[in-house]
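Trainee: this one's sequence-less:
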């Protein structure tokens, strides 16, 4: 397959190296800018360069366009133009300014076309990611991943945290709570960042805790390889090494199977939801609920009854005031007051009877 790379994200340098070394795939063109251009110059790599992204769209020999841009609006514009030109699109997410809406927009673009839109996921770094899928949460006690970050600037930490959270989500568990804590040195430099994923106390299924530890390189004790550790219910630890991803393998796979690309977009949206909650947790210094978490039927019933109860009390208070005022000012027949009592007290009677439905609200929990 022929690839084109457009953008300034230096993470695309690893993909460019793989394309230049590949015997099966070819780098058709490149439009580097910013930091990516600086990295290419420093590495002394020679790549075919084009003047603009629009010049690539009519090329019939081009199969995949990789977007490594920092502007989400530009990513959406070029993605829409590329799929209309019958090109698959791979998106390397920016290191900042990314929201879950980006993944949702990419999903809409793919659904409206016949081409694949592929997000570059962090779980591609796991060498045996397939064995992590479809795990039973009752058979897992803990998930943990420790990573060493060479730089502790905001963008590097964001990228490392997003990739690490995506690796933890490779097991397919729908986490609904995020806690982020930073440990710093006396001079304010970051020593370690701990990210904990969990579930709400009222969740239908309790999931095993998952932790991500990011350690600054200057504080790390060794240069050990990143490893995702899984401890099962029997206490046996299983390790899944992580390393540089094989971009070409995943891009070719998703390009040939739109369903695989759709699943990758779904995984990306979940990771971005967790990242948004992680940013709030870091800012507020407390545990944050992910807003896509759904409560149980019993908790939803209680919430609805609480809201309806407030409305009924307001109705009763206003009705009593209107009753007393009209009774003092106007002479009305007995049938009117009888009907008024039914209208006034009816909502309260129906509300009290509705509380008998509480046992029907299921509390689904596994034994």
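Mentor: That came through, no problem. Source: prediction; values computed, not measured.
Trainee: tell me, how many residues neighbour the nearest residue to residue 123 once chain neighbours are set aside?
Mentor: Nearest non-adjacent residue to residue 123, counting by C-beta to C-beta, 6 or more residues apart in numbering: residue 170, 4.2 Å away. Using the backbone N, CA and C atoms, a C-beta is placed for each residue, glycine as well. The local packing of residue 170 (other C-beta atoms under 10 Å) involves 24 other residues.
Trainee: now do the one 3 residues further on
Mentor: If you count neighbours by other C-beta under 10 Å, residue 173 ends up with 19.
Trainee: on that earlier part again, phi first, then psi, for the residue nearest to residue 123.
Mentor: Main-chain dihedrals, residue 170, degrees, to the nearest 10: phi -60, psi -20.
Trainee: residues contacting it?
Mentor: 123, 126, 129, 132, 133, 228 (C-beta atoms under 8 Å, 6 or more residues apart in numbering).
Trainee: tell me the confidence at residue 168?
Mentor: If you check residue 168, the pLDDT there is 90.
Trainee: how many residues are close by it?
Mentor: Taking other C-beta under 10 Å as the criterion, the count of residues near residue 168 is 23.
Trainee: same deal with residue 350?
Mentor: Here the count is done by other C-beta under 10 Å, and residue 350 has 11 residues near it.
Trainee: so it is in which element?
Mentor: Here residue 350 is covered by helix 334-354, with elements defined by DSSP states H and E.
Trainee: let me know the average pLDDT across stretch 39-54.
Mentor: Average pLDDT, stretch 39-54: 87.
Trainee: so what touches it?
Mentor: For stretch 39-54, contacts defined as C-beta under 8 Å, 6+ apart pick out 4-6, 10, 13, 16-17, 20, 27-32, 56, 65, 78, 81.
Trainee: run the chain-centre distance for that stretch.
Mentor: Relative to the chain's own centre, stretch 39-54 is displaced by 32 Å; criterion: C-alpha atoms, centre = their mean, to the nearest Å.
Trainee: buried sites along it?
Mentor: 39, 40, 53 (16 or more other C-beta atoms under 10 Å).
Trainee: if we can go back for a sec, next one: the residue nearest to residue 123 relative to residue 163, how far apart?
Mentor: Look at residue 170 and residue 163: by C-beta to C-beta, to the nearest Å, they are 11 Å apart.
Trainee: list the buried ones in the one helix or strand residue 164 maps to?
Mentor: Residue 164 is part of helix 154-168, with elements assigned from DSSP H and E. By neighbour count on 16+ other C-beta under 10 Å, the buried set for helix 154-168 is 157, 158, 159, 160, 161, 162, 163, 164, 165, 166, 167, 168.
Trainee: do the same with stretch 335-351
Mentor: For stretch 335-351, burial by neighbour count (16+ other C-beta under 10 Å) applies to 340, 344, 347, 351.
Trainee: got it, and stretch 107-125?
Mentor: Across stretch 107-125, burial judged by 16+ other C-beta under 10 Å covers 107, 109-110, 113, 115-125.
Trainee: repeat for stretch 258-271
Mentor: By neighbour count on 16+ other C-beta under 10 Å, the buried set for stretch 258-271 is 258, 261, 262, 264, 265, 267, 268, 269, 270, 271.
Trainee: which of those residues sits closest to residue 200?
Mentor: Taking C-beta to C-beta as the measure, residue 270 is the one of these closest to residue 200, at 16.0 Å.
Trainee: what pLDDT does the closest one get?
Mentor: 90.
Trainee: which SSE is it in?
Mentor: With DSSP H and E as the criterion, residue 270 is inside helix 258-284.
Trainee: in the chain, which spans are helices?
Mentor: Ranges of helices in the chain, per DSSP state H, are 12-21, 34-43, 72-84, 100-111, 154-168, 247-256, 258-284, 297-329, 334-354.
Trainee: returning to that earlier point: okay, the buried residues of stretch 39-54 in CSV with distance to residue 196 next?
Mentor: Output for those, formatted as CSV (distance: C-beta to C-beta, whole Å):
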residue, distance to residue 196
39, 33
40, 38
53, 41
